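Undergrad: Everything below, folded, please.
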Amino acid sequence: MPERISAFDLVIIGGGPGGYVSAIKAAQLGIKTALVEKDKVGGTCLHRGCIPTKVLLHSSDLYMRFLRAKEFGIAFDNIRINYSQFHRRKEGVVNRLFQGIQFLLKKNNVELFLGEGELTSPGSVVVKKNGTDVGKITTKNVILATGSVPLIPDNILYDGKYVLTSDDILVWEEIPKSIIIAGGGAVGMEFAHFFNVLGTKVTIIELLEDILPAEDKEISATLRKIFTKRGINVLTNTSLEKVTIDNGVRAEIKRKNTAPHPPTATGNNEFIEADHLLLALGRKPALAGIGIEKLSLSFKGKHLQANEVMETSKTGLFAIGDITGPPLLAHKASNEGMIAVSHIVGKKTTPLNYQNIPGVTYCLPQVASMGLTQEEAEKRSHKTRVGKFPLIANSKAIIDGEYEDGFVKIVTDDKYGEVLGVHAIGPNVGELMWGMSLATILEGTAHELLNTIFPHPTLSEAILEAAHAVVDKPIHM
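TA: Below is the predicted model of the structure:
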């Protein structure tokens, strides 16, 4: 631990992908930087979110592919799941990346304070361990990057054993026979796919009209069709009213629609039983205990208000990542952090265009998107022109045997052909989205996309074909 009273140019509270990236960049630019982290650097994304989830999903996806091995000319007997090894590999990957971040912080001379950071003024931070002050830091600037925690509704009984959050389920080393997933967003869909592959009976409860409600409607409907075909029970327009725990869970639900109720229904309510229930209802900003309540900061709802350089209503106090509002994505937090650091050192900054931030749901098939959906574009009075191309006509998807109802969809402005949004469902479509984000930053058009040379055979050629579909007709249809 550094000296009890230390002076820095910048203190960052929270060592997740927003905080540690900001710290490294600041140190590289010559700022004397301290990073305060109460647990482990890497934050939720590395230890309880993005990374461990994707490691488990990769193992399940390999298993899913192995089940089809004979189709590819590979024969073997007695394929089985070693679920404990799923978790051992997960821990190995997480630990390797954790060590890498620690090394990078040390290499770049970032001072790491382990403990809880609390603002006593805009330029003063106290570091605490177990409620006891262990250090004080004075600073010219502070970046708050404390992230978010799973949302647990007050009306739902939560015990961490039968009713779980995503934090809990990542360390749960038993495959449940049945599970209810409350929430049809990205987290819920990834775990629904994961447990379905492992043989668990999965029921999804979603309050809105469809799963992945923020995605393009055609994409959401296609994923629902695929999940239903695989045996996942998808209940939309359905609310979770109450949960009873007794060696399992009994969920009381209420449907908005007029579908006939099963024999277990009482009035408008129904009951579903399962081994466990996963709460995947979103996340809330982690703002408790960091001292902001005495600073009279501006809020937008439950999230901190920050300007285009991520500065709050207090000069020298910045906020990035989940605490500033959606989208709650690691790459958004990292980008915001670098914008704040650039401003602090006096460099010219480019405001983040939140519309261009790509998002990926890592089920199989993947769902990826960037920009406006067709519905959003039309609500904003754009006259749209849309091009679609099915992956069943893409050579690489056919080679890989992974085209299942997948497609790429490009939404453009009809007048100039400017790309407004790109949406895709299929294998590894998340890898396509950085290029589409760049295209929109450069105000690219469908004409420019169809004049771009894509390598053959690749999945990316579906972008080329969808661009042709916007302008006139795709080649391979």
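Undergrad: which intervals of the stretch 251-400 of the chain have sub-threshold pLDDT?
TA: Within the stretch 251-400 of the chain, the segments meeting pLDDT under 70 span 257-267.
Undergrad: Spell out, range by range, the strands that occur in it.
TA: Applying DSSP state E, counting those that start in this stretch to the stretch 251-400 of the chain gives strands spanning 269-274, 276-279, 283-285, 299-300, 303-304, 317-319, 359-361, 366-371, 384-390.
Undergrad: Parallel or antiparallel, which strands does the lengthiest strand in the chain pair with?
TA: Assignment by DSSP state E gives strand 132-144 as the longest strand of the chain. Take DSSP bridges as the rule and strand 132-144 pairs in its sheet with strand 5-13 (parallel), strand 124-129 (antiparallel), strand 317-319 (parallel).
Undergrad: coming back round to it: compare the strands of the stretch 251-400 of the chain and give me the one nearest Pro351.
TA: Closest approach to Pro351 among those is made by strand 317-319 (14.2 Å; C-beta to C-beta). Placement of C-beta: from N, CA and C, glycine included.
Undergrad: give the contact list for the residue nearest the centre of the chain.
TA: With distances taken as C-alpha atoms, centre = their mean, Leu329 lies nearest the centre of the chain, 5.0 Å away. Contact analysis of Leu329 by C-beta atoms under 8 Å, 6 or more residues apart in numbering lists 357, 359.
Undergrad: ditto for Leu240
TA: Contacts of Leu240 by C-beta under 8 Å, 6+ apart are 153, 156, 182, 205, 251-253.
Undergrad: quick one: it is in a strand?
TA: Yes - when classified by DSSP: H, G, I helix; E, B strand; the rest coil, Leu240 is found to be part of a strand.
Undergrad: how long is stretch 41-53 end to end?
TA: One end of stretch 41-53 sits 17 Å from the other (C-alpha to C-alpha, to the nearest Å).
Undergrad: Can you give the contact residues for that stretch?
TA: Applying C-beta under 8 Å, 6+ apart, the set of residues contacting stretch 41-53 from outside is 14-20, 35, 37, 39-40, 90, 93-94, 97-98, 101-102, 105, 112, 147-149, 166-167, 170, 187, 190-191, 330, 362.
Undergrad: do you know which of the strands of the stretch 251-400 of the chain lies nearest Thr349?
TA: strand 317-319 (11.9 Å).
Undergrad: mind saving the C-alpha coords of the longest strand of the chain as PDB?
TA: C-alpha atoms of strand 132-144 as PDB (Å, rounded to 0.1, in the frame of the first residue of the first chain):
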ATOM      1  CA  THR A 132     -11.700   1.500   8.400                       C
ATOM      2  CA  ASP A 133      -9.800   4.300   6.700                       C
ATOM      3  CA  VAL A 134      -6.400   3.000   5.400                       C
ATOM      4  CA  GLY A 135      -5.400   5.800   3.100                       C
ATOM      5  CA  LYS A 136      -6.200   9.300   1.800                       C
ATOM      6  CA  ILE A 137      -5.600  10.500  -1.700                       C
ATOM      7  CA  THR A 138      -5.700  14.100  -2.900                       C
ATOM      8  CA  THR A 139      -6.200  14.600  -6.600                       C
ATOM      9  CA  LYS A 140      -6.900  17.200  -9.300                       C
ATOM     10  CA  ASN A 141      -9.400  14.900 -11.100                       C
ATOM     11  CA  VAL A 142     -11.500  11.900 -10.300                       C
ATOM     12  CA  ILE A 143     -13.100   9.400 -12.600                       C
ATOM     13  CA  LEU A 144     -16.000   7.300 -11.100                       C
END
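Undergrad: Please enumerate residues in contact with whichever helix or strand comes after it?
TA: Sequence order places strand 148-150 as the next helix or strand after strand 132-144, per DSSP states H and E. With contacts defined as C-beta under 8 Å, 6+ apart, strand 148-150 is touched by 44, 165-167, 279, 281, 283-286, 321-323, 328.
Undergrad: Most neighbours of all those, which one?
TA: With neighbours defined as other C-beta atoms under 10 Å, the most crowded of the contacts of strand 148-150 is Gly321; it has 34 neighbours.
Undergrad: got the contact list for that one?
TA: Contacts of Gly321 by C-beta under 8 Å, 6+ apart are 14, 16-19, 145-148, 328, 332-333, 336-337.
Undergrad: If we only consider the residues you listed, which is nearest to Ile292?
TA: Nearest member of those to Ile292, counting by C-beta to C-beta, is Thr146, at 9.6 Å.
Undergrad: Do you know the pLDDT at that closest one?
TA: Per-residue confidence at Thr146 stands at 98 (pLDDT).
Undergrad: Pull the number of nearby residues for Glu37.
TA: Around Glu37 there are 25 residues (other C-beta under 10 Å).
Undergrad: Show me what it is bridged to.
TA: Judged by DSSP bridges, the bridge partners of Glu37 are Leu114.
Undergrad: quick one: it and Glu111 touch, right?
TA: No - under the criterion of C-beta atoms under 8 Å, Glu37 makes no contact with Glu111, lying 11.4 Å away.
Undergrad: Which residue ranges of the stretch 151-300 of the chain form helices?
TA: Secondary structure of the stretch 151-300 of the chain (DSSP state H, counting those that start in this stretch): helices at 166-169, 186-197, 217-229.
Undergrad: Those helices: which one's closest to Tyr354?
TA: helix 186-197 (16.8 Å).
Undergrad: which of the contacts of Leu240 count as buried?
TA: Among those, the ones that count as buried by 16 or more other C-beta atoms under 10 Å are 156, 182, 205, 251, 253.
Undergrad: Many thanks, have a good one.
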